[in-house]
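Asks: task: produce atomic coordinates for the following.
(4 chains)
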There are 2 protein chains.
Amino acid sequence: MLKSEKEAAETIGETVFRRIRQDIISGALPPGSKIRLEQTKERYSVSVSTLREILSRLTTENLVIAEGQRGFEVSPASRQELLELADLRILLESHAIGLSFATGDLDWEARIVAAHHKLSAIERQLLEGDASRTVDWVRYDWEFHQALVSACNSETLMATLSSVFDRFLRYHLLAESFRGKPVVDDHRRLFELAMKRDVGGARDILTRHVRNGTEHVLTSGRIR
Amino acid sequence: MLKSEKEAAETIGETVFRRIRQDIISGALPPGSKIRLEQTKERYSVSVSTLREILSRLTTENLVIAEGQRGFEVSPASRQELLELADLRILLESHAIGLSFATGDLDWEARIVAAHHKLSAIERQLLEGDASRTVDWVRYDWEFHQALVSACNSETLMATLSSVFDRFLRYHLLAESFRGKPVVDDHRRLFELAMKRDVGGARDILTRHVRNGTEHVLTSGRIR
DNA sequence: ACAGGCTAGAATTCCGATAATATGATGTTT
DNA sequence: AAACATCATATTATCGGAATTCTAGCCTGT
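Replies: Okay, here's the model as predicted:
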């Protein structure tokens, strides 16, 4: 988890991988759209081989679909998948919260305090109408939720949750609207409950948080 | 040449992907071992590009690790990961059992009956000492557990569970020994509880089932 | 020993070629 | 007009090889 010194060995594939993944999650590459290799390799300035490598990777976490001899396409968005992801996120994150709250030490608390501080600062700006910070908000939101579970002591759980979270996030970014004050309140409550190590309470808030978010995305009407 | 139709839709990459994945799970490619591209591409008769594509895919589910400019290696096995996988399997499969038991119809019951029939037939042979069937047992075991959750109605959950299951299975195959009668009894109980739609009971058995399996692997002494 | 540099081997990336397949247009039959 | 066959074009899947960069083992001189 310490990634200090030897970060220099970044390969092109790795970099572009993150870029494409980001573009899918953010909606820059819209759901269901065909990914033509010649065209896309220009866009990201990589060769076909490297591009295929990247797209292949993304198929494993279902952000991209590879069909027989028909190439790749961005995984389509469906109401059904959104509901499944919401369910899974609640399951995984609730579990992780239980583990994390039980063993978190002072460093863990500090991470949460810090993450919530940044998050709520951005949220204040958002509520005041400064929409330019939504990109930051997305990152800080994830970092806050990650901080909450960061003491769960299971790489595997964190990785799985992370993938589910990102795929869930894609639907929110497709809906293109910040849910507003209820979200901010949820985060504050989660923060307080974490400090009190109230697992049950946190789980309840989280569950509502995710379900309301899902509802919000669905009623925004951009998902079929 | 004539094209054999059913098989034509499969790409080489797909085929070899499954083969390599299988070889990792079965231990033919041992944990922690370096994967030299030139050498490995011979072994599976594919080009470097295709091989890299495949290995990249496997990194996403943590069966292979790609390190900076240092190539690929089979993900090492650790006591810690085994415990994490066990935990995650219990979490996911218990949840899926809840969903599945609630909505399973007659077809679902039939799938379980069929799967358990096959599984127990193999297990009888195994108990009588016919070790030649372990490969089949592994498949039928998974098919039985899959049948149990097959009515959970969540592709995402099934896919996640499937990956966790396989990675968990790798540890069992490394331990190289069938646990014997307790496993058979667990399966019979799970079968009966499924027919009775007893979610709580099934979850209890499953939890014990997985924990005992983990214990068995750990005491077999092949994992550091 | 050991620091530094050299070198053989690997990995990464790109490119061009080829065969197989899909797509779309065109024309023909019913 | 709908269904079907045929063919040209576009795209994919795969391969082998070349250029570049990085790694790791080895050598050498101190």
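Asks: doesn't A:I65 belong to a helix?
Replies: No - going by DSSP: H, G, I helix; E, B strand; the rest coil, the assignment for A:I65 is strand, not a helix.
Asks: which residue packs closest to A:V138, ignoring adjacent ones?
Replies: Leaving aside its chain neighbours, A:V138 sits nearest to A:L169 (6.8 Å; criterion: C-beta to C-beta, 6 or more residues apart in numbering or on different chains). From N, CA and C alone the C-beta is placed, and that goes for glycine too.
Asks: could you point out which element follows the helix or strand hosting A:T40?
Replies: Assigned by DSSP states H and E, A:T40 falls within helix A:37-44. Per DSSP H and E, the first helix or strand lying C-terminal to helix A:37-44 is helix A:48-60.
Asks: relative orientation of that next one and helix A:37-44 in degrees?
Replies: Computed by axes from the mean of the first three to the mean of the last three C-alpha atoms, to 10 degrees, the angle separating helix A:48-60 from helix A:37-44 equals 90 degrees.
Asks: look at the residue nearest to A:V138 and report its pLDDT.
Replies: Note for A:L169: predicted pLDDT of 97.
Asks: returning to what we had before: same question for the helix holding A:T40: list its buried residues.
Replies: A:40-41, A:44 (16 or more other C-beta atoms under 10 Å in any protein chain shown).
Asks: again with stretch A:112-128
Replies: Buried-residue list, stretch A:112-128, by 16+ other C-beta under 10 Å: A:112, A:115-116, A:119-120, A:122-123, A:126.
Asks: with respect to DNA strand D, which of those is nearest?
Replies: Using C-beta to the nearest atom of the strand, A:A115 comes nearest to DNA strand D of the buried residues of stretch A:112-128, at 32.1 Å.
Asks: against B:L119, how distant is that closest one?
Replies: 47 Å (C-beta to C-beta, to the nearest Å).
Asks: likewise for A:I122?
Replies: In terms of C-beta to C-beta, A:I122 sits 53 Å off from B:L119.
Asks: can you tell me if stretch A:71-86 touches DNA strand D.
Replies: Yes - using C-beta under 7 Å from any atom of the strand, we find that stretch A:71-86 touches DNA strand D at A:71-72.
Asks: mind checking if that stretch is in reach of DNA strand C?
Replies: No - figure legend: stretch A:71-86 not in contact with DNA strand C (C-beta under 7 Å from any atom of the strand); closest approach 8.1 Å.
Asks: contact partners of stretch A:149-160?
Replies: A:92-93, A:95-97, A:99-101, A:103-105, A:108, A:111, A:146, A:161, B:62, B:81, B:84-85, B:87-88, B:160, B:164 (C-beta atoms under 8 Å, 6 or more residues apart in numbering or on different chains).
Asks: what residues does chain A put near chain B?
Replies: By C-beta under 8 Å from any C-beta of the partner chain, the residues of chain A that approach chain B are A:6, A:9-11, A:13, A:49, A:52-54, A:56-62, A:68-69, A:80-81, A:84-85, A:87-88, A:91-92, A:95, A:154-157, A:159-160, A:164.
Asks: in helices, which of these appear?
Replies: Among the residues of chain A next to chain B, the ones falling in helices (DSSP state H) are A:13, A:49, A:52-54, A:56-60, A:80-81, A:84-85, A:87-88, A:91-92, A:95, A:155-157, A:159-160, A:164.
Asks: drop anything exposed from these.
Replies: Judged by 16+ other C-beta under 10 Å, buried ones among those: A:13, A:49, A:52-54, A:56-60, A:81, A:84-85, A:87-88, A:91-92, A:95, A:156-157, A:160, A:164.
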